[in-house]
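S.K.: Pasting the sequence and the predicted model now:
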Amino acid sequence: MKLKHFLMIGGLLVLGLLLGGCASNLSASSWAGMTADADNAYIAGGPFVYAVNLQTGAQVWRFPSKASTASPFYATPALTSDGQVIVGGFDHKLYSLSAQSGLQNWVFDQAHDRWYGGPLVINETIYAPNADYNLYALDLHGNLKWTFEADQSLWAAPVSDGQRVYLGTLGRKVYAVDAQTGKLAWEKTLDGAILGSPALGTDGRLYVDTYAGTVVALDAASGEIRWQQKASAWIWAGPTLDASQLYLGDSNGSFFALDTASGQQTWKQALNGSVLSSPLSNGDTIVVGTEGGSVYFLDHNGKALHTLTVTGKVYTTPVAAGTQVLVAQSGDATQPILVAYDLDGAQKWAFTPAK
Amino acid sequence: MWESIVNIFVNILLLIYKFVGGNFGVAIILFTILIRLVTHPLMASQIKSSTKMTEFQSSKQWQDIQKKYKDDKEKLAQEQMNLYKELGISPFASCLPTFIQFPIIIALYQSIMRAMAASPTQLLVLTRVVSPLFSSLLHVNMADLVPLNSKFLWMNLGQPERVYMFGVGIPLLAIIVAVTTYIQSKVTLPPSTNPGDQSATMNKMMAIYMPLLLGYFALTFASGLSVYFITGNLVGIAQYALLGKVHWEALLPGRKPALQTQQAGRKSK
C-alpha cells in the first residue's frame, strides 16, 4: 500500500512537472524584435532587452537586471528623438529605457494584455498596439493621450503619415485613425487576420498582407480597395516597399515582387523555407530571412547576390545599420541571437547573450 | 506519437469550436465531456476496484489478520497478498485508471493551449497542425477560424484568470477549481471504518493534495485549463452519481457517510 501511496503522490508531482513544462514552453510565445540607431542595436530577445554595440558586437547593457522569464520581451523596440528605447513586455507594461544606460525612465501600466507589436514613434507621440485590442497614444513622458479600441488583438506596429495612424488587427480589420485625437477616419474588413505591419506608400496607398494569403492595396484616404492579389499560401509578415515595387514572402517559401501601381507580379523567387518576416529594403539590396535558416541578399530584379546560412530560424525583419545588416535568429540558448553582416554578406560579429 | 495525439485533440477541439459558433469556452466544456464519456469505462473500472478495496479493508477477515500479525510486517504483507489473490483484488487496479488519465490531462492542456493560438508562436504551430482532413470536412481553412475567440464569460482563456476588485486580483477560477476538486474528492472517495485502512488514509491525503495542486495549476496556468478542471470535476461527480456512488453526506460536518456505516455493519455480521 505504501508503494501505491508513493505512486499516487509521484504521479501528481510528474503531472505538475509536465504541466509546468508546458507552461514554460508557452513563455517563448514569440520571437525577437530588433531595431538600431547609429551606435547600438536594441533587441528584445526573451528575458532581457539588450543593447549591443554595432562596432564590436559587445553588450552595452541589458534590462531588467534580473531575467524576466515569466514576462519576457519580444516586441520590436522603438527609439525616440530624445534617447529613449520604448519596449513592451509580456507583463503588460510598456517601458521607457535610456538608450545610453538601459535605466528605466518610466513605465506605462494601463494595458491589459501582452505587447507583441512594437510601438511607432512619430513626432512627440508614441503609438503602442496591445493585444488587449487597444492602440495607446502616449507622450514622450508616458502620459496617455488617447486610446483607440479596435475589434481584436493588435500584434503588429502601426504606420503613420503624421496625419493618420493605420493599423491592422487579428479581426481582419484595417483602421485609419486621426493621429492627434485617435478618432476613427475609416475602417475596412479584409479576408484574413492581419499579423504584420502595413506599408504606407508615397503614392497615397496602404499595402496590407493578410493571413488568408492576400495582398491588398487600399486608398489611404478613403480605405477603398485599389487592387488585391492572392499569394500561393498564407502570409504572416507585412510587405516592404521601395519606389515602385512591393516585396513579400509567404509560408510556401515564395518571395514576390509586385508592381505597386497594378499589383501584377514582376518576379518570384523560391526560397528554402517559410518567410515569416518582412524583408529589408536597403538601397540596391533586398534582404530576407527564412524559417529554414537562410538569409538572401537579392537585387531589385530578384537575382540572388548572396545566400547566407545561419544556425537558427529567421523570424525577425533584418535591420540596416550603416554598412551592416543585422539578422536576429531564433535557436537554442548556445547560439547567437544576433549576427551582423557587411553588405557583401561577410559576417562581422555575432552576439550571444551571457547566461 | 505524443505530438500526433495532441494534434488529434487540437483538430477535434477546433471541430467543436466551429460547430458551437466560435465559442472556445463552450468548446472546452464539450470536449471535456466527450473525453469523460470516452474514458468512462476506465472510471467505472476504477470505482469498482475502489469499492472492492474498501470492502476488503473493512472486512473482518482482513482486520483479524491485521491483529494477528500486527508485530510481523513481512508476514502481514504476505497474508495481504494471499488475500488479494483469493478475493481477486488487484491492489493497483483502483489507481491505474487515474494514472491513465494523466497523459490525457497533459495532452488536453497542450491541445487547449495550442488551439487557442493566443500568441504568434502558438498560431504558427496551430497553422501547421490543422489537418487537411479537417479543412476538407468543414470546407474551411485556418484563415476562416482566425482570430480564435479566446474570451469566455469574464475570462481570457489563454491567460491565468484574475477578477479585479478594489485593485486586487482575486483568482476566482482557482478558488472554484480547488472547491470543486475538494467536493468531488469528498463525495466520491470510498469511506472506510477500519482505523488501519491505509487506503482510506491515502484517500484523505488525496482529498487535501488534489484541490491544492489543481488550485495551484489554475492559479498559474491559462484559464482554459481551469475550465477543463471545473467541468471535469462536475462531470466526475455526475458520473459517480449515475453509478450510485456519491456520498453527499460526507460534505456535512461531523456526519459519517451512510454507506460507510451500512457497509461496516454488513461486514461485521
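M.R.: Looks like it arrived, so ask away.

S.K.: For residue A:172, what are phi and psi?
M.R.: phi 80, psi 10 (degrees, to the nearest 10).

S.K.: Which residue, neighbours along the chain excluded, lies closest to the residue of the stretch 51-200 of chain B found nearest chain A?
M.R.: In the stretch 51-200 of chain B, no residue comes nearer to chain A than residue B:119, which is 3.4 Å away by Cβ to the nearest Cβ. C-beta: built from backbone N, CA, C; applies to glycine. Closest residue in space to residue B:119, ignoring its immediate chain neighbours: residue A:29 at 3.4 Å, by Cβ to Cβ, 6 or more residues apart in numbering or on different chains.

S.K.: Next, the contact list for residue A:352, please.
M.R.: Taking Cβ atoms under 8 Å, 6 or more residues apart in numbering or on different chains as the contact definition, residue A:352 lies against A:334, A:335, A:336, A:337.

S.K.: likewise residue B:246?
M.R.: When contacts are taken as Cβ under 8 Å, 6+ apart, residue B:246 is in contact with B:187, B:188, B:237, B:240.

S.K.: Tell me how far it lies from residue A:77.
M.R.: Applying Cβ to Cβ, to the nearest Å, one obtains 57 Å for the distance of residue B:246 from residue A:77.

S.K.: for the chain, which spans come out with low pLDDT?
M.R.: Using chain A. A:1-28 (pLDDT under 70).

S.K.: sorry, should have said chain B
M.R.: Low-confidence segments of chain B, defined by pLDDT under 70, are located at B:91-101, B:138-140, B:190-200, B:202, B:254-269.

S.K.: And the strands in it?
M.R.: Listed in chain order, the strands of chain B (DSSP state E) span residues B:151-152, B:155-156, B:163-165, B:168-170.

S.K.: for those strands, which one ends up most surrounded?
M.R.: strand B:155-156 (a mean of 20; mean count of other Cβ atoms under 10 Å in any protein chain shown).

S.K.: just checking, residue B:18 touches residue B:148?
M.R.: No. Residue B:18 is beyond contact range of residue B:148, at 10.3 Å (criterion: Cβ atoms under 8 Å).

S.K.: Looking at these two, which one has more neighbours?
M.R.: When residue B:18 and residue B:148 are compared on other Cβ atoms under 10 Å in any protein chain shown, the one with more neighbours turns out to be residue B:148, at 22 against 16.

S.K.: what about the more buried one, distance to residue B:10?
M.R.: Summarising the geometry, the distance separating residue B:148 from residue B:10, computed by Cβ to Cβ, is 11 Å.

S.K.: Common neighbours of the two, please.
M.R.: Taking Cβ under 8 Å, 6+ apart as the criterion, residue B:148 and residue B:10 both touch residue B:115.

S.K.: and the stretch 151-269 of chain B, which residues reach chain A?
M.R.: Contacts of the stretch 151-269 of chain B with chain A, taken as Cβ under 8 Å from any Cβ of the partner chain, map to B:156, B:159, B:198-199, B:202, B:205-206, B:209-210, B:213, B:216-217, B:220-222, B:225.

S.K.: Weed out the non-buried ones from those.
M.R.: Using 16 or more other Cβ atoms under 10 Å in any protein chain shown as the burial test, these include B:156, B:159, B:199, B:202, B:206, B:209-210, B:213, B:217, B:220-222, B:225 as buried.

S.K.: which residues touch the residue of chain A found nearest chain B?
M.R.: Per Cβ to the nearest Cβ, the residue of chain A with the smallest distance to chain B is residue A:29, at 3.4 Å. Residues near residue A:29 by Cβ under 8 Å, 6+ apart: A:74, A:90, A:114, B:118, B:119, B:120, B:121, B:122.

S.K.: Serialize the residues you listed to a markdown table and add fields for distance to residue A:122 and neighbour count.
M.R.: Rendered in a markdown table, the data for the contacts of residue A:29 read as follows (distance: Cβ to Cβ, whole Å; neighbours: other Cβ atoms under 10 Å in any protein chain shown):
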| residue | distance to residue A:122 | neighbour count |
| --- | --- | --- |
| A:74 | 22 | 28 |
| A:90 | 25 | 24 |
| A:114 | 23 | 27 |
| B:118 | 29 | 25 |
| B:119 | 27 | 23 |
| B:120 | 25 | 20 |
| B:121 | 29 | 19 |
| B:122 | 31 | 20 |
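
S.K.: now those in a markdown table, with distance to residue B:229?
M.R.: Compiled in a markdown table, those are given as follows (distance: Cβ to Cβ, whole Å):
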| residue | distance to residue B:229 |
| --- | --- |
| A:74 | 29 |
| A:90 | 24 |
| A:114 | 24 |
| B:118 | 19 |
| B:119 | 22 |
| B:120 | 27 |
| B:121 | 25 |
| B:122 | 21 |
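
S.K.: now, which of those residues sits nearest residue B:78?
M.R.: Relative to residue B:78, the closest of the contacts of residue A:29 is residue B:122; by Cβ to Cβ it sits at 53.8 Å.

S.K.: Spell out the residue ranges of the helices in the chain.
M.R.: Using chain A here. A:2-27 (DSSP state H).

S.K.: let's do chain B instead
M.R.: The residue ranges that make up the helices of chain B, judged by DSSP H, are B:2-19, B:24-38, B:40-58, B:60-68, B:73-87, B:96-116, B:120-129, B:132-138, B:142-145, B:172-188, B:198-220, B:223-242, B:258-268.

S.K.: Using CSV, lay out the ones you listed together with distance to residue A:52.
M.R.: Compiled in CSV, the helices of chain B are given as follows (distance: least, Cβ to Cβ, whole Å):
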stretch, distance to residue A:52
helix B:2-19, 36
helix B:24-38, 40
helix B:40-58, 55
helix B:60-68, 71
helix B:73-87, 65
helix B:96-116, 32
helix B:120-129, 23
helix B:132-138, 43
helix B:142-145, 36
helix B:172-188, 41
helix B:198-220, 33
helix B:223-242, 37
helix B:258-268, 68
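
S.K.: quick one, which of those helices is nearest to residue A:264?
M.R.: Using Cβ to Cβ, these put helix B:142-145 closest to residue A:264, at 23.3 Å.

S.K.: Would that closest one count as contacting chain A?
M.R.: Yes. Applying Cβ under 8 Å from any Cβ, one finds helix B:142-145 touching chain A at B:142, B:143.

S.K.: tell me what that helix is packed against?
M.R.: Secondary-structure packing of helix B:142-145 (3 or more Cβ pairs under 8 Å, 6 or more residues apart in numbering or on different chains; DSSP states H and E): helix B:2-19.

S.K.: could you check the angle helix B:120-129 makes with the helix it packs on?
M.R.: 90 degrees (axes from the mean of the first three to the mean of the last three Cα atoms, to 10 degrees).

S.K.: what sits against residue B:235?
M.R.: When contacts are taken as Cβ under 8 Å, 6+ apart, residue B:235 is in contact with B:32, B:33, B:36.

S.K.: Tell me if I'm right that the second one and residue B:231 touch.
M.R.: Yes. Taking Cβ under 8 Å as the definition, residue B:33 is a contact partner of residue B:231 at 6.8 Å.
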